[in-house]
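1. Here's my sequence, what's the structure:
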Amino acid sequence: MLVARRRILKVRREDVSNVWDFSKVSGVFLESICCKLIRYSRHNLPTESQLPEDHAIPRTLLVELLTQLEIRVGVFQESEVYDIDRARCTGALHFANQGSRTDWIWVQTATEEMFGVLRGRLPAKLVALSKIRNYTCENTGYRVVAVRMLSAVNRGFLPGIHGLITA
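-> Below you'll find the model as predicted:
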């Protein structure tokens with residue numbers, strides 16, 4: 001799971017209110033979600049905000065499931081001009097009278113020196129966009145994006161001379 005920073009989550013779904021509902025709608029195992037939330041809190045949050053090791057607490061956290069993530073993208077050769085890219089993840093819901101929609105995004109996973117021409121970025125498919133409220137710590141909220149990451153073959157470096165990136 002990744003934390004979305006300086007991005008705007010929009011379009012709230014009404015059928016999800018806690019981590020249990022989130023698990024059913026997203027298709028991600030409840031135990032997996034709880035383990036990842038606990039691990040994230042241990043590595044990234046101050047001690048007073050961390051979740052306890054007991055999986056019963058993360059299961060009851062309040063969740064808002066959303067379907068759209070607005071990402072600021074710099075315009076080519078413009079330093080202060082940005083476009084808004086809208087990544088969508090509808091889960092099992094239909095999008096625009098079509099099938100469900102789970103967009104691909106680029107995730108900065110390493111320094112720019114990693115993965116060759118990918119410059120530290122890897123493609124990922126959105127699984128869920130959410131806001132999770134930790135009522136155990138002054139009702140603190142976190143924006144969380146769940147993704148399925150791809151990995152870079154040959155550490156992202158091209159084998160031989162050609163213009164394609166292999167995945």
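
2. can you pull out the strands in this protein?
-> 2-3, 8-12, 62-74, 82-88, 104-108, 121-134, 140-149 (DSSP state E).

3. Would you tell me which of those gets closest to Lys36?
-> Lys36 lies closest, by CB to CB, to one member of the strands of the chain: strand 140-149, at 8.3 Å. Any C-beta I mention is one placed from the backbone N, CA and C, and that applies to glycine too.

4. Find the residue at the geometric middle of this structure.
-> Central residue of the chain (CA atoms, centre = their mean): Val145, 2.2 Å from the mean position.

5. so it bridges to which residues?
-> Beta-bridge partners for Val145, by DSSP bridges, are Leu2, Leu129.

6. on that earlier part again, now the strands of the chain as JSON lines including mean pLDDT and distance to Gln98?
-> JSON lines is the format used below for these (pLDDT from 0 to 100; distance: least, CB to CB, whole Å):
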{"stretch": "strand 2-3", "mean pLDDT": "44", "distance to Gln98": "27"}
{"stretch": "strand 8-12", "mean pLDDT": "63", "distance to Gln98": "16"}
{"stretch": "strand 62-74", "mean pLDDT": "84", "distance to Gln98": "14"}
{"stretch": "strand 82-88", "mean pLDDT": "86", "distance to Gln98": "11"}
{"stretch": "strand 104-108", "mean pLDDT": "88", "distance to Gln98": "17"}
{"stretch": "strand 121-134", "mean pLDDT": "85", "distance to Gln98": "16"}
{"stretch": "strand 140-149", "mean pLDDT": "82", "distance to Gln98": "21"}
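
7. Let me know which of the ones you listed is tucked in deepest.
-> strand 121-134 (a mean of 20; mean count of other CB atoms under 10 Å).

8. by contact count, what packs against that strand?
-> If contacts are counted by 3 or more CB pairs under 8 Å, 6 or more residues apart in numbering; DSSP states H and E, strand 121-134 sits against strand 8-12, helix 19-26, strand 62-74, strand 104-108, strand 140-149.

9. what about 6 Å?
-> Contacts defined by 3 or more CB pairs under 6 Å, 6 or more residues apart in numbering; DSSP states H and E place strand 121-134 against strand 62-74, strand 104-108, strand 140-149.

10. what's the closest of those to Glu53?
-> Nearest to Glu53, of all those, is strand 140-149, at 18.3 Å by CB to CB.

11. Now render the strands of the chain as TSV, adding distance to Asp21.
-> What follows is the strands of the chain, written out as TSV (distance: least, CB to CB, whole Å):
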stretch	distance to Asp21
strand 2-3	21
strand 8-12	13
strand 62-74	7
strand 82-88	20
strand 104-108	24
strand 121-134	11
strand 140-149	14
